[in-house]
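A.B. asks: Predicted model follows, preceded by the sequence.
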Amino acid sequence: MNCESVTECACPKTTCENYKKCCACVVKHKNTDSLPYCLFLDNDGDKSMSNLYSKLKVRFENL
């Protein structure tokens, strides 16, 4: 995969091999059925898709 590194990264895991390598990070998280830290809202450490759905439900059910 040929992907340029970014200069700023929102992920707190600075020791991760994919830190500042967005393309590789997204692929890794796709394969593990989770979201990267930078794309997840209020994750509280749980980046699973089921947690994302529950957070989105709470956010949008009162619209």
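C.D. replies: Cool, the structure landed.
A.B. asks: for the chain, what helix or strand is lowest in average pLDDT?
C.D. replies: Sorting the helices and strands of the chain by mean pLDDT, DSSP states H and E puts helix 49-60 at the bottom, at a mean of 83.
A.B. asks: Now it: buried residues?
C.D. replies: Using 16 or more other CB atoms under 10 Å as the test for burial, helix 49-60 gives 51-52, 55. Just so you know, the C-beta spots here come from the backbone N, C-alpha and C atoms, and that holds for glycine as well.
A.B. asks: and if you look at stretch 21-31?
C.D. replies: For stretch 21-31, the neighbour count (16+ other CB under 10 Å) marks 21-22, 24-26, 29 as buried.
A.B. asks: OK, contacts around the residue most central in space within the chain?
C.D. replies: Nearest to the mean C-alpha position of the chain, by CA atoms, centre = their mean, lies Pro36 at 1.5 Å. Counting by CB atoms under 8 Å, 6 or more residues apart in numbering, Pro36 touches 11, 22, 25-26, 29, 47.
A.B. asks: Would you format the residues you listed as CSV with secondary structure, pLDDT and distance to Arg59 included?
C.D. replies: Below are those laid out as CSV (DSSP: H, G, I helix; E, B strand; the rest coil; pLDDT from 0 to 100; distance: CB to CB, whole Å):
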residue, secondary structure, pLDDT, distance to Arg59
Cys11, coil, 86, 22
Cys22, helix, 88, 24
Cys25, helix, 91, 24
Val26, helix, 89, 22
His29, helix, 88, 21
Lys47, coil, 73, 16
